[in-house]
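S.K.: Prediction below, plus the sequence it came from.
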Amino acid sequence: MAVHNSEIAAIFDEVAELLELEGANAFRVRAYQNAALTLGAMPKSLAEMLVRGEDLSELPGIGKDLAGKIAEIVRSGKLATLEELRARTPPHIRELLRIPGLGPKRVRILRDDLGVKSVADLKAVAERGLIRKHKGFGERSERKILAEVRRLKGAEIRVKWAVAEEIARTLVAHLMALKGIETVEIAGSFRRKKETVGDLDVLVTCASKVPCMDHCVAFDEVAEVLGRGPTKCTLRLRSGLQVDIRVVPAKSLGAALHYFTGSKAHNIAIRKMGLERELKINEYGVFKGRRRVAGATEAEVYARVGLPYIEPELREDNGEIQAAQQHRLPKLLTLDQIRGDLHCHTTESDGKNTLKEMAEAAQARGYEYLAICDHSKRVAMAHGLDAKRLAEQIEQIDHLNAKARGFTLLKSCEVDILDNGSLDLPNDILKELDLTVCSIHYKLNLPLEQQTERILRAMDNPFFCILGHPTGRLINQRHASEIDIERIMRAAADRACFLEVNAQPDRLDLSDIHCKLAKELGVKLVISTDAHRASDLDFMRFGVNQARRGWIENENVVNTRDLVDLRRLLSRACR
DNA sequence: GCCGTTTTCGGCCCGACTGTTTTCAGTCG
């Protein structure tokens, strides 16, 4: 079976960590880390590139050695270097690096001097008070380690973007309530709209002598103050989310925003460009010698290295800098370009609002159309529709449409893709619909080949329009199904079918990487909320965020079209 | 381990905070 890019990336990550624990050259470690980042973000399958005889050493950060190691992994599923490292290292020692405050050096000290080989060992020596006696550690370190070990159990590390947004909103409101605080910006992966967020990086500008830090730690959701200095504090909120707040001078806000928005890889690349121009770029500004030459806005920072402004969602050092240099940055999709939603449910299946209520909610959001996609009968738990009930719903929709002005309900159904790739309703009834969303809800963990064939077979049905939540993953809960996404996308392009970006905050399926791949392969996307209640229609912004991270533009998305164009696109799909 | 107005080896992003020690190493982002 073909090795996934993510598996190769995971192997390189592990090599990097084990090398780090052995005290290897830090730049060698970084080479593996960089390679893992590059490979993990690549939409194209490395295994297939090798089959086609492409030269992997042309990839950024991949030289002759790592190209050879990738080939070894693809060929054998293993890497000898890693096996050797593992043989020399206690199996659970990597877990120790997950504990905040412990890096490779201190882990080595603990292992060599106290025989700590796992988190359990660590807990034991900490409880016996052995760590505090050690050079370089003290009582506070020991207490902190113990607290972290206890917290580690069952802790969910990264929260979904939508959850972080809620928290961010209340935090910003709290901070802005203090007189003298001028601006509050959330940077970090939150600003880049990553699907999950590890912590919130907050930047504040304020008038001098404002008791800003006092105000920060007084936020009523703070569970613990992890650190506090004159310009920075680190908090853990009751939700478990960590927050870093920094006060920066207004003249440095742009530089700080750039610095703390990241990604790390993007920043390193930009700073390197600065160095080539003899500029030092840090969170305080852009400096020529000791003279500050920019820093108040991000656009200034970019301008100093000869680049146009780059949207935060693109900042992954994944081609955006080259695109900016060549003036071919994408004009990213915006929420107001979406003209309608092509996937929602009603009380007829498992939705909470009626057909009429959903229609009104869509109109209230300024949409031109809304597709009603209740489940088909296979999804019995959701009271899925059979042909007869669907026919009745079609009649109701015709009735409502006859009275509506400037708004159209589209007749659709979320048709289950059955085990053998056939659709859950007969074509006799599907042909009466404006479109179909075809999805898998059962047997999500078939082997790759079988799952892929199942979808391709479904796609052969002339009434297949849109593949709903294509991988079936649930963030932090369920892995993506094993499918050959590239093959499915090529097939969709051939058949004028579309793939959904499901905007449910726990789905966000397709991923950003898949969105980018779809664009490259010329497959059009549909961004839909899969709303089960009227208020869920507001999930659209999460789907747009995801698409933006995937470089998606207006023209790549089907539901940015007006109804006439939409029907034209669909008629080609639903012959 | 990668990279190079590249040719054989030196450089590879940078500052705040912490806990320890008393001038700094380690960690983090």
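M.R.: Noted; the coordinates are in hand.

S.K.: pLDDT weak spots in the stretch 251-400 of chain A?
M.R.: Applying pLDDT under 70 to the stretch 251-400 of chain A flags no residue at all.

S.K.: Quick one: the strands in it, in order.
M.R.: A:280-282, A:285-288, A:291-294, A:340-344, A:369-372 (DSSP state E, counting those that start in this stretch).

S.K.: What parts of the stretch 101-250 of chain A come near DNA strand B?
M.R.: A:101-107, A:132, A:135-142, A:144, A:188, A:199, A:201, A:227-232, A:234, A:242, A:244 (C-beta under 7 Å from any atom of the strand). For glycine as for every other residue, the C-beta is placed from the backbone atoms N, C-alpha and C.

S.K.: in what helix or strand does the closest residue to residue A:176 other than its chain neighbours lie?
M.R.: Closest residue to residue A:176 apart from its sequence neighbours, by C-beta to C-beta, 6 or more residues apart in numbering: residue A:184 at 5.8 Å. Assigned by DSSP states H and E, residue A:184 falls within strand A:181-186.

S.K.: Mind listing the strands that strand pairs with, and their directions?
M.R.: If you go by DSSP bridges, strand A:181-186 pairs up with strand A:199-206 (antiparallel).

S.K.: what's the following helix or strand after the strand it pairs with?
M.R.: Criterion used, DSSP H and E; the element after strand A:199-206 is helix A:212-217.

S.K.: which residues of the stretch 51-200 of chain A fall in strands?
M.R.: A:159-160, A:181-186, A:196-197, A:199-206.

S.K.: what's the domain layout of chain A?
M.R.: Domain assignment for chain A by automatic domain parsing gives A:5-88, A:106-152, A:159-247, A:252-325, A:335-573.

S.K.: and the fourth one, anywhere near DNA strand B?
M.R.: What that stands for is domain A:252-325. Yes - Domain A:252-325 lies within reach of DNA strand B by C-beta under 7 Å from any atom of the strand, at A:260, A:264, A:267-268, A:271-272, A:275, A:280, A:282-284.

S.K.: Out of the residues you listed, which two sit at the greatest distance?
M.R.: Farthest pair in those (C-beta to C-beta) is A:260 and A:275. Separation: 20.0 Å.

S.K.: Give me the more crowded residue out of these two.
M.R.: residue A:260 (20 against 12; other C-beta atoms under 10 Å).

S.K.: Next one: the closest residue to residue A:118 other than its chain neighbours from residue A:196, what distance?
M.R.: Leaving aside its chain neighbours, residue A:118 sits nearest to residue A:92 (3.9 Å; criterion: C-beta to C-beta, 6+ apart). Applying C-beta to C-beta, to the nearest Å, the value for residue A:92 to residue A:196 is 25 Å.

S.K.: Give me the more crowded residue out of those two.
M.R.: Per other C-beta under 10 Å, whichever of residue A:92 and residue A:196 has more neighbours is residue A:196, with 18 against 12.

S.K.: isn't the more buried one right next to residue A:159, touching?
M.R.: Yes - counting by C-beta atoms under 8 Å, residue A:196 does reach residue A:159; the two are 6.4 Å apart.

S.K.: Just give the number of residues close to residue A:433.
M.R.: 24.

S.K.: sec struct for it, please.
M.R.: Classification of residue A:433 by DSSP: H, G, I helix; E, B strand; the rest coil places it in coil.

S.K.: Tell me, how many residues neighbour residue A:335?
M.R.: 12.

S.K.: Next: residue A:324.
M.R.: 18.

S.K.: give me every residue that touches it.
M.R.: A:302, A:307-308, A:310 (C-beta atoms under 8 Å, 6 or more residues apart in numbering).

S.K.: hang on, the earlier thing: selecting buried members of the residues of domain A:252-325 next to DNA strand B in PyMOL, what would you type?
M.R.: Selecting only the buried entries of these in PyMOL, with 16 or more other C-beta atoms under 10 Å as the criterion:
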select buried, chain A and resi 260+267+271+282+283+284
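
S.K.: Model confidence at the nearest residue to residue A:473 once chain neighbours are set aside, what's the number?
M.R.: Excluding the flanking residues, the one nearest residue A:473 by C-beta to C-beta, 6+ apart is residue A:480, at 3.8 Å. pLDDT, residue A:480: 83.

S.K.: Over to residue A:154?
M.R.: So residue A:154 comes in at 53 (pLDDT).

S.K.: got it, and residue A:181?
M.R.: 93.

S.K.: So what's the residue count around it?
M.R.: Counted with other C-beta under 10 Å, residue A:181 comes out at 19.

S.K.: sorry, back to before: surely the residue nearest to residue A:118 is in contact with residue A:117?
M.R.: Yes - with contact defined as C-beta under 8 Å, residue A:92 counts as touching residue A:117 (6.5 Å).

S.K.: got the contact list for residue A:64?
M.R.: For residue A:64, the contacting residues are residue A:57, by C-beta under 8 Å, 6+ apart.

S.K.: separation between it and residue A:55?
M.R.: Distance from residue A:64 to residue A:55, by C-beta to C-beta: 10 Å.

S.K.: again with residue A:454
M.R.: In terms of C-beta to C-beta, residue A:454 sits 35 Å off from residue A:55.

S.K.: Of the two, give the one with the bigger neighbour count.
M.R.: Using other C-beta under 10 Å, the more surrounded residue of residue A:454 and residue A:55 is residue A:454, with 21 against 11.

S.K.: Show the secondary-structure elements that whichever strand or helix holds that one is packed against.
M.R.: Using DSSP H and E, residue A:454 falls within helix A:448-459. Helix A:448-459 sits against helix A:485-495, with contacts defined as 3 or more C-beta pairs under 8 Å, 6 or more residues apart in numbering; DSSP states H and E.

S.K.: what's the helix it packs on in contact with?
M.R.: With C-beta under 8 Å, 6+ apart, helix A:485-495 has contacts from A:43-45, A:48, A:452, A:455-456, A:459-460, A:464, A:467, A:470-471, A:497-499, A:514, A:517-518, A:521-523, A:573.

S.K.: What's the first helix or strand after that helix?
M.R.: strand A:498-502.

S.K.: Surely residue A:235 is in contact with residue A:220?
M.R.: No - the criterion here is C-beta under 8 Å, and residue A:235 misses it with residue A:220 at 11.5 Å.
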